[in-house]
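In: output the structure for:
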Amino acid sequence: MVPPTREPSYLTPVVRRAGGVHGCCRRVGPRRDAERLLNHSRHHQSATTRTLPNVAELRQELEIFRDENNVPGVSVCFFNENGPLVAASSGFSSSRAGAPAMTPETVFRIYSITKMMTGTAALRMAASGLLDIDRPISDYIPAATVGPDVNDITARMLLSHRSGLGTDALTRHAQDRAPNGLSVAVEHDVPVLERVASPGDVYSYSSMGISVLGLIMERLGGLPFRELMRQLIIEPLAMGSTSYVPEEVAAVTHARHHLVDRAGRLRPGHDARLGTRYETSSRCWSTPSDVARFGAEHLSAARGNGPVGETLRSMHLVEAEIGLDVATNYGLTCYRTDLEDGGILLGHEGFFGGMWAKLVMDPRQNIGLVWMDNRGDEIRDARYAVMRRMCGMPGEPMRASGRSQATGAPPVGLWSRPGVGALRIKSEGSALAVTEGSRTVRLSMLGPDRWVSVSEERSIAAPWAPHATSTHVALGVVRGAEGLPRYVQLNGVPYSRTEGSTSAT
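Out: Okay, the predicted model is just below:
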């Protein structure tokens with residue numbers, strides 16, 4: 001990367017804006033009064049048990065991270081249940097010469113953190129009586145919109161990625177940017193989308209499932225999805241720099257994606273997935289401070305506070321086991337990790353093609369962090385190392401204990417998933433040999449229906465890349481009513497048994 005001529009770092013105290021903000025991406029200039037920053041942070045930390053880095057320490061951490069990992073720019077915000085505490089940034093919005101400096105108000109695409117915002121809005125609609133998340137979605141949309149399994153899928157399944165719908169459908173309909181693009185994409189793509197499981201059976205991350213949920217919300221609310229989100233999330237939380245509209249984002253300083261080419265050089269890129277359908281799952285832009293305002297609502301709820309606490313707390317309960325070697329599972333559009341020390345972490349990550357964002361919260365310590373930068377998921381471990389030094393998050397997750405008290409037949413045989421290579425699993429005593437393509441990884445038994453690689457896995461490519469909170473290849477088993485393996489989950493991704501395969505050793 002050839003850096004521009006300046007090396008800026010901004011740190012600014014963040015003050016909650018007044019409600020009723022109608023515009024998106026409203027610009028707020030950075031402030032550099034270090035003494036004022038420290039006073040502001042000390043005032044708010046009275047309710048936060050962990051001491052946050054001071055100005056110099058935070059600036060140094062971000063600049064070292066950028067230098068060591070070839071990152072054009074990074075922006076972070078700490079918060080507690082009362083709202084943002086301090087926002088910091090370092091670097092530039094792009095590696096191109098003359099690019100604007102990164103500031104706390106530089107806008108990033110937050111990708112799948114969008115899902116947690118969608119889920120929060122859906123639960124608020126449920127609390128008002130508009131939506132019953134346990135009724136079949138056929139009560140809200142025609143069967144032809146989804147397919148024959150519409151009577152078996154509930155909104156709760158969509159929120160917890162247990163609908164059985166495939167991950168995505170990259171079709172021309174998905175790229176439709178018309179106001180009715182969400183309904184066009186869902187109605188054309190979902191009925192023909194391959195299913196990965198029967199509804200309710202197993203966790204299978206599905207952006208398309210969140211799009212179905214968004215369409216239901218549109219129909220019930222009588223408003224376009226982005227308008228619903230403005231009324232239910234953006235305005236109540238004063239998230240004035242948050243937008244679902246690409247044209248609004250283009251008019252303000254925003255971070256560019258960056259990919260590493262074959263020669264190891266960093267190149268600016270972009271994400272062409274701008275269809276209206278993605279508003280529900282990944283087409284949202286925001287700043288760390290705005291996402292911190294959103295996070296503060298969840299942090300407050302997790303600590304037992306606030307009039308909407310019960311509604312939001314329901315999102316933090318485990319709805320779906322992911323099948324990992326660590327105790328990370330999924331609630332209602334929210335990840336939950338149980339820690340070795342008895343605490344929990346809540347939040348979501350979002351990344352794609354050279355941009356990365358994370359929202360993480362520790363309710364016991366009353367602290368949250370939003371991190372955004374313009375590099376890809378391949379440097380996740382380096383980010384986590386900085387986060388742990390700054391605030392102890394992510395913490396040390398508990399080891400998973402497995403689903404059952406006793407393991408039945410091992411999951412040997414062939415396992416498949418639409419659109420990807422098949423897995424062949426062989427038994428080697430209490431261990432398993434898992435093969436995909438030309439590579440075989442041996443897994444030792446961790447507990448009932450749970451296996452894990454002995455050594456850490458460094459691959460960043462599917463299917464071997466570990467889940468976000470793990471460093472090992474992990475395999476879990478989901479059994480049917482008869483006790484035989486029905487699905488295996490490799491690093492959280494489910495595969496179903498290939499017809500004719502056997503569980504015999």
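In: is Val107 in a bridge, and if so with what?
Out: His254 (DSSP bridges).
In: helix or strand for Ala296, which one?
Out: Secondary structure assigned from DSSP states H and E places Ala296 in helix 288-302.
In: tally up the residues packed near the closest residue to Thr253 other than its chain neighbours, please.
Out: Among residues not flanking Thr253 along the chain, Pro100 sits closest, at 4.7 Å (CB to CB, 6 or more residues apart in numbering). C-betas here are computed from N, CA, C, even on glycine. Per other CB atoms under 10 Å, the neighbour tally for Pro100 reads 16.
In: who touches Pro100 in this structure?
Out: Applying CB atoms under 8 Å, 6 or more residues apart in numbering, we find Pro100 in contact with 92-94, 106, 253.
In: ok, of the residues you listed, which one's closest to Arg267?
Out: Of all these, Ser94 has the smallest distance to Arg267: 10.4 Å, by CB to CB.
In: the spatially closest residue to the closest one that is not a sequence neighbour - how many residues pack around it?
Out: Excluding the flanking residues, the one nearest Ser94 by CB to CB, 6+ apart is Arg256, at 4.1 Å. Neighbourhood size, Arg256 [other CB under 10 Å]: 20.
In: shouldn't Arg256 be in contact with Arg267?
Out: No. Contact criterion CB atoms under 8 Å: Arg256 and Arg267 do not qualify, at 9.9 Å.
In: now the common contact residues for these two.
Out: Going by CB under 8 Å, 6+ apart, residues that sit against Arg256 and also against Arg267 are Ser95.
In: need the three-state assignment for Leu62.
Out: What DSSP: H, G, I helix; E, B strand; the rest coil gives for Leu62 is helix.
In: and the residue nearest to it when sequence neighbours are not counted, what element?
Out: Closest residue to Leu62 apart from its sequence neighbours, by CB to CB, 6+ apart: Ser90 at 4.0 Å. Using DSSP H and E, Ser90 falls within strand 83-91.
In: which among the contacts of Pro100 gets closest to Ser282?
Out: Among the contacts of Pro100, and counting by CB to CB, the member closest to Ser282 is Thr106, at 18.7 Å.
In: look up how far Arg293 lies from that closest one.
Out: Thr106 sits at a distance of 16 Å from Arg293 (criterion: CB to CB, to the nearest Å).
In: which residues in the stretch 301-450 of the chain form strands?
Out: Applying DSSP state E, counting those that start in this stretch to the stretch 301-450 of the chain gives strands spanning 320-321, 328-330, 335-338, 344-351, 356-362, 367-373, 413-416, 423-428, 431-436, 439-447, 450-453.
In: out of the ones you listed, which is closest to Ile141?
Out: Comparing the strands of the stretch 301-450 of the chain by CB to CB, strand 320-321 comes nearest, at 22.5 Å.
In: what comes into contact with the closest one?
Out: 160-162, 202-203, 329-330, 403, 476.
In: what ranges do the helices span in the stretch 351-500 of the chain?
Out: Assigned by DSSP state H, counting those that start in this stretch, the helices in the stretch 351-500 of the chain fall at 380-391.
In: coming back round to it: which one of the contacts of Pro100 is nearest to Leu359?
Out: The closest of the contacts of Pro100, once distances to Leu359 are taken by CB to CB, is Thr106, at 16.9 Å.
In: now the closest one, what are its backbone angles?
Out: phi -70, psi 130 (degrees, to the nearest 10).
In: distance of the residue nearest to Thr253 from Pro72?
Out: In terms of CB to CB, Pro100 sits 11 Å off from Pro72.
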